[in-house]
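J.: All I have is the shape, not the residue letters:
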């Protein structure tokens, strides 16, 4: 049996009752709250009152994270090759052995504060650099983005990282350096602007890491959602560079790694599940190319009309649902045949096939040279299967992969780990924090 939540915008979410009953009450409240926000946003957007993203952004700002001065933490706004970055590091000097983390935020290449203000989303990493007190972000941060809100709290030197310790004072002796990029956003800055910003800033940091007390061979690149796409793209672009150290690892948190097939099992099963509905995913990806407002084009891309016959044949070995474990195809999935090729559609969106947009379809010669990876996927997320497919491509090419799947998670789950009783968000953060700590 299915529950259909219907509003002026149509059916927003279909989730089986048995799956709903298995979720904690608090998680259901999160789903309902976000579904309501999406519904209201779509309604006022159709009425021409305001944009959906504008409403959700406002709701986020109405629930800000408290800030606190941190005498142990040095923060500063800098520029890496002209790209604005916010850096965080302990005030204590380092002889050059620090680990460095480059973080690329999510938000559909368009948003930086869609769900949670910048202050909240950086708090995962910041807590790792604190010496005492509850892990709360500096009020020097400007509202901008991110999904870092628990990371800082759990990157600690003593004992296993537990996000549940968020409000427990502790002593830390971590010597990490964190750089959070504010890359250019669409539609004002179209592809490949965001990718180029992340690539250029990362190259700069790898070249100058020692100036910041960081070991240049201990730099991890990390991102969530669209930021995961940028992370994968940057990692691939660096494989042939001989003049800079190779990144130590890449961390992909429910990443976008392909913009080709929108009928994978997870897209069909979770098309109406917040926080990333399929129509929103299509909008963000096409908006990145400057085609965000053409809903007719969206439908054609969703049906596969943009994929030429030769590329369908080439990509089938990497995008086939046969590569996805059967456990993810038990219900809610029917094999899909792409619609007839439309050259006009292809010409408008052909950049989707380039590796920085769809790193999943890069050549094997690139994959073989990639650094070890961590991939986080969530069961109730349209992007679930592409994370699984990316894992397979890495493993098929001999790259070490740590995969963590949140069976009761949904897209954006890590943003809620310190705001509600969201155990799956805490587990997700604990997992990738541990990976970075041990990398």
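T.: Looks like it came in fine. None of these values were measured; they are calculated from a predicted model.
J.: So residue 243 versus residue 203, what's the distance?
T.: Distance from residue 243 to residue 203, counting by C-beta to C-beta, to the nearest Å: 9 Å. No exception for glycine: its C-beta is placed from N, CA and C like everyone else's.
J.: out of these two, which sits in the busier spot?
T.: In this view residue 243 and residue 203 are compared by other C-beta atoms under 10 Å, and residue 203 has more residues nearby, 18 against 7.
J.: quick one, what contacts that one?
T.: Residues in contact with residue 203 (C-beta atoms under 8 Å, 6 or more residues apart in numbering) are 81, 238, 241, 244.
J.: tell me the phi and psi of the residue nearest to the third one when sequence neighbours are not counted?
T.: What it means is residue 241. Nearest non-adjacent residue to residue 241, counting by C-beta to C-beta, 6 or more residues apart in numbering: residue 203, 7.5 Å away. Note on residue 203: its backbone torsions stand at phi -60, psi -40 [degrees, to the nearest 10].
J.: Can you check what pLDDT the model gives residue 203?
T.: At residue 203, the model reports a pLDDT of 98.
J.: Give me the helix or strand of this protein that scores worst on average pLDDT.
T.: strand 2-7 (a mean of 30; mean pLDDT, DSSP states H and E).
J.: Wait, residue 90 touches residue 178, no?
T.: No - between residue 90 and residue 178 there is no contact under C-beta atoms under 8 Å: 10.5 Å.
J.: Would you mind telling me which of these two has more residues around it?
T.: Relative neighbour count places residue 178 above the other of residue 90 and residue 178, with 26 against 21, counting by other C-beta under 10 Å.
J.: quick one: secondary structure of that one?
T.: strand (DSSP: H, G, I helix; E, B strand; the rest coil).
J.: so where do the helices sit in the stretch 151-300 of the chain?
T.: Along the stretch 151-300 of the chain, counting by DSSP state H, counting those that start in this stretch, helices occupy 151-154, 193-208, 226-237, 265-269, 278-287, 295-302.
J.: mind checking which of these is nearest residue 359?
T.: Closest to residue 359 of those is helix 226-237 (C-beta to C-beta; 4.0 Å).
J.: Report the inter-axis angle for the closest one versus helix 278-287.
T.: Angle, helix 226-237 to helix 278-287, by axes from the mean of the first three to the mean of the last three C-alpha atoms, to 10 degrees: 40 degrees.
J.: if we can go back for a sec, residue 370 is nearest to which of the helices of the stretch 151-300 of the chain?
T.: Here helix 226-237 is closest among those (C-beta to C-beta), at 5.7 Å.
J.: got a list of contacts for the closest one?
T.: So helix 226-237 is in contact with 103-109, 147, 183, 194-195, 198-199, 202, 221-223, 247, 250-257, 284, 355-357, 359, 362, 366, 370-371, 390, going by C-beta under 8 Å, 6+ apart.
J.: Looking at these, which are in strands?
T.: Secondary structure from DSSP state E places 103, 104, 221, 222, 223, 250, 251, 252, 253 of the contacts of helix 226-237 in strands.
J.: What strands line up against the host helix or strand of residue 77, and which way round?
T.: Element membership for residue 77, per DSSP states H and E: strand 73-80. Sheet pairing for strand 73-80, assigned by DSSP bridges, gives strand 83-90 (antiparallel).
J.: Now do the partner strand against helix 193-208, angle only.
T.: Going by the same axes, to 10 degrees, strand 83-90 makes 50 degrees with helix 193-208.
J.: Check which residues of strand 83-90 are buried.
T.: Within strand 83-90, the residues scored as buried using 16 or more other C-beta atoms under 10 Å are 83, 84, 85, 86, 87, 88, 89, 90.
J.: Ok, stretch 187-206 next?
T.: For stretch 187-206, the neighbour count (16+ other C-beta under 10 Å) marks 190-206 as buried.
J.: ok, now stretch 347-356?
T.: 348, 349, 351, 352, 353, 354, 355, 356.
J.: Endpoints of stretch 406-425, how far apart?
T.: One end of stretch 406-425 to the other measures 9 Å (C-alpha to C-alpha, to the nearest Å).
J.: Just name whatever secondary elements the particular helix or strand that has residue 312 in it is in contact with.
T.: Residue 312 belongs to helix 309-319 when assigned by DSSP H and E. Helices and strands touching helix 309-319, by 3 or more C-beta pairs under 8 Å, 6 or more residues apart in numbering; DSSP states H and E, are helix 384-396.
J.: And the helix it packs on, what's buried?
T.: Buried, per 16+ other C-beta under 10 Å, within helix 384-396: 384, 385, 386, 387, 388, 389, 390, 391, 392, 393, 394.
J.: any chance of these in CSV, with pLDDT too?
T.: Listed next are those as CSV, based on pLDDT from 0 to 100:
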residue, pLDDT
384, 98
385, 98
386, 97
387, 98
388, 98
389, 98
390, 98
391, 98
392, 98
393, 98
394, 98
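J.: Just the closest of these to residue 294, please.
T.: Closest to residue 294, out of all of those and judged by C-beta to C-beta, is residue 386, at 23.2 Å.
J.: separation between the closest one and residue 429?
T.: 21 Å.
J.: repeat for residue 184
T.: Look at residue 184 and residue 429: by C-beta to C-beta, they are 28 Å apart.
J.: Settle it for me: which of the two has more neighbours?
T.: Between residue 184 and residue 429, counting by other C-beta under 10 Å, residue 429 is the more crowded of the two (30 against 17).
J.: Could you check which helix or strand contains that one?
T.: With DSSP H and E as the test, residue 429 turns up in helix 423-438.
J.: so which of the helices of the stretch 151-300 of the chain is the most packed in?
T.: A comparison of the helices of the stretch 151-300 of the chain by mean neighbour count, using mean count of other C-beta atoms under 10 Å, puts helix 151-154 on top with a mean of 30.
J.: For the stretch 251-400 of the chain, which residues score under the pLDDT cut-off?
T.: Nowhere does the stretch 251-400 of the chain drop to pLDDT under 70.
J.: Which one, of the helices of the stretch 151-300 of the chain, ends up nearest to residue 316?
T.: helix 265-269 (15.5 Å).
J.: In terms of secondary structure, what does the closest one contact?
T.: Against helix 265-269 (3+ C-beta pairs under 8 Å, 6+ apart) you get helix 384-396.
J.: Name the surrounding residues that touch the helix it packs on.
T.: So helix 384-396 is in contact with 232, 252, 254-258, 264-267, 270, 318-319, 321, 323-325, 328, 359-360, 364, 367, 370, 373, 375-378, 401, 403, going by C-beta under 8 Å, 6+ apart.
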